[in-house]
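# predicted model and sequence follow; I will ask about them next.
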Amino acid sequence: MLQKKRIIITAGEPASISTEITVKSLQNYSHKKDIEIICITDPNLVKHYCNKSNIKLPINILSTNHKFNDYKYNFINILPIKLSKMPSPGVLDEVNCNFVVKSILKAIYLLNEKLANAMVTCPINKFLLKKNGFKYNGHTEFLASHSKKKKIPIMLLHSYNLNVVPLTTHIPIKDISKNITKKLLIEKIEVLNDELKTYLKIKKPRIYVSGLNPHSGDNGVIGKEEIETIIPAISYLQKKGINVFGPISGDIMFEKKIRKKFDVAVCMFHDQALIPIKTLNFNKVVNITLGLDFLRTSPDHGTALDIAGHDLANPTSMMLAIKKAEQLIKKK
């Protein structure tokens, strides 16, 4: 067993705001004595940002033997990996794709070997990665492929007053309907129900499920996905004793009084879930991946290449992702 909580932060896309939000967040965490936070990145990337932004937090480069007995408080502790090329802020370069993936794989290794308790992942550019051999739609699917549990992965967007899960994630709108199946709904909601009990300590989770079509299909007049797929899945889950309700029409699902009735909303596609939670709580949302045999959180935003290098990035979501990882370690 680890004597102290240890959280690993991955490098993310080196040309993005990832290093900036990490360093800004660590200014509030480096002094804590009950937790160790280790960044897997190129020290030169961090040094460059600290020098440019006049940040005085010193850097401690850790030995690669993974014992971490050289960890130092009030430092940025780095397990070093090397960039292929120092990036220009905001300019993607495919030569660093291997660096991005290597950082994630190293974090997974440390978690699987019980050398760390949780990982916080910085934003990546999945489109650039996919052009260079990355076979996954995003972090969630990639992490699931390296999890021993082999459960279906779930992207839970968590904030202090709302939890949402997109049933389908990063796929085109035209492909959503054919990807919504009774099997997928049942598997995701079963895992979600179990994981909410484990991670958020909700004894009997109340799960609301949205419809896909306007007015949840109006009894088949505006679409048949609700009748043919969503309702049969909900009925099956209810018979198993899971506290699930729906389909709820997407246009009223997040009305204030209705939000108070559920612990989590399962939505049919990415924006149906993320628009309401980001509208209500932008920069205060944490992405938690459920269904893995290790803990993973991340900020709720992407690489923000348009502001990279300008020292404008808001670290709030990153700080909350670290804080949530710390809380989940205690709960689990």
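Arrived safely, thanks for sending.
# hmm, who's touching the one helix or strand Lys323 maps to?
Assigning secondary structure by DSSP states H and E places Lys323 in helix 316-331. For helix 316-331, contacts defined as Cβ atoms under 8 Å, 6 or more residues apart in numbering pick out 5, 7, 9, 21-22, 24-25, 28-29, 35, 37, 117-120, 122, 158, 198-201, 283-288, 295, 297-301. Every residue, glycine included, has its C-beta placed from N, CA and C.
# low-confidence ranges in the stretch 1-150 of the chain?
Applying pLDDT under 70 to the stretch 1-150 of the chain picks out residues 1-3, 30-31.
# nearest residue to Ile37 in space, please, no chain neighbours.
Distances taken as Cβ to Cβ, 6 or more residues apart in numbering place Ile7 nearest to Ile37, at 5.0 Å, with adjacent residues excluded.
# before we move on, what about Ile17?
That would be Ala313: by Cβ to Cβ, 6+ apart, it lies 3.9 Å from Ile17.
# isn't the one you found up against Leu305?
No. Between Ala313 and Leu305 there is no contact under Cβ atoms under 8 Å: 11.0 Å.
# the two: which has the busier surroundings?
Ala313 (21 against 17; other Cβ atoms under 10 Å).
# and the residue most central in space within the chain, which of the three is it?
Compute the mean C-alpha point of the chain, and by Cα atoms, centre = their mean the closest residue is Asn287, 3.5 Å away. Recorded secondary structure, Asn287: strand (DSSP: H, G, I helix; E, B strand; the rest coil).
# identify the residues contacting it.
Neighbouring residues of Asn287 by Cβ under 8 Å, 6+ apart: Met155, Leu156, Leu157, His158, Thr297, Ser298, Pro299, Asp300, Ala321.
# give me the lowest-pLDDT entry from these.
Across the set of these, Asp300 stands lowest in pLDDT, at 91.
# how near is the closest residue to it other than its chain neighbours to His158?
Excluding its sequence neighbours, the residue lying closest to Asp300 (Cβ to Cβ, 6+ apart) is Val285, at 3.6 Å. Distance, Val285 to His158, using Cβ to Cβ, to the nearest Å: 7 Å.
# also Pro43?
32 Å.
# of the two, give the one with the bigger neighbour count.
His158 (24 against 19).
# report the beta-bridge partner residues of the more buried one.
Asn163, Val286 (DSSP bridges).
# which ones are touching Leu57?
Contact partners of Leu57, counting by Cβ under 8 Å, 6+ apart, are Val23, Leu26, Gln27, Ser30, Cys50, Asn74, Phe75, Ile76.
# show the backbone phi and psi for it.
Here is the backbone geometry of Leu57 (degrees, to the nearest 10): phi -60, psi 120.
# swap in Thr10?
phi -80, psi 160.
# so it makes contact with Ala107?
Yes. Look at Thr10 against Ala107 with Cβ under 8 Å: they come within range, at 5.2 Å.
# so what sits against both of these two?
Ile40, Met119, Thr121.
# most neighbours, which of these?
Neighbour counts for the shared contacts of Thr10 and Ala107 (other Cβ under 10 Å) peak at Met119, which has 28 neighbours.
# would you enumerate the residues in contact with the residue lying farthest from the centre of the chain?
The centre of the chain is farthest from one residue, Val221, which by Cα atoms, centre = their mean lies 36.6 Å away. Counting by Cβ under 8 Å, 6+ apart, Val221 touches no other residue.
# now do it against Ile186, distance only.
Taking Cβ to Cβ, one finds Val221 at 26 Å from Ile186.
# again, but for Ser18
As judged by Cβ to Cβ, Ser18 and Ile186 stand 36 Å apart.
# what about the helices in the stretch 101-250 of the chain?
Here the stretch 101-250 of the chain has its helices, by DSSP state H, counting those that start in this stretch, at 126-131, 139-145, 176-179, 182-199, 225, 231-239.
# as JSON lines, those with mean neighbour count would be great.
Listed next are these as JSON lines, based on neighbours: other Cβ atoms under 10 Å:
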{"stretch": "helix 126-131", "mean neighbour count": "16"}
{"stretch": "helix 139-145", "mean neighbour count": "19"}
{"stretch": "helix 176-179", "mean neighbour count": "14"}
{"stretch": "helix 182-199", "mean neighbour count": "18"}
{"stretch": "helix 225", "mean neighbour count": "22"}
{"stretch": "helix 231-239", "mean neighbour count": "16"}
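# could you dump these to CSV with distance to Ser216?
Below are these laid out as CSV (distance: least, Cβ to Cβ, whole Å):
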stretch, distance to Ser216
helix 126-131, 31
helix 139-145, 27
helix 176-179, 14
helix 182-199, 14
helix 225, 9
helix 231-239, 9
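# format the CA atom coordinates belonging to the strand or helix carrying Val23 as CSV.
If you go by DSSP H and E, Val23 is part of helix 18-26. C-alpha atoms of helix 18-26 as CSV (Å, rounded to 0.1, in the frame of the first residue of the first chain):
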residue,chain,number,x,y,z
SER,A,18,-1.6,21.9,-20.8
THR,A,19,1.7,22.9,-19.2
GLU,A,20,0.3,26.3,-18.2
ILE,A,21,-2.8,24.9,-16.4
THR,A,22,-0.6,22.3,-14.7
VAL,A,23,1.9,24.7,-13.3
LYS,A,24,-0.7,27.2,-12.2
SER,A,25,-2.6,24.4,-10.4
LEU,A,26,0.6,23.1,-8.7
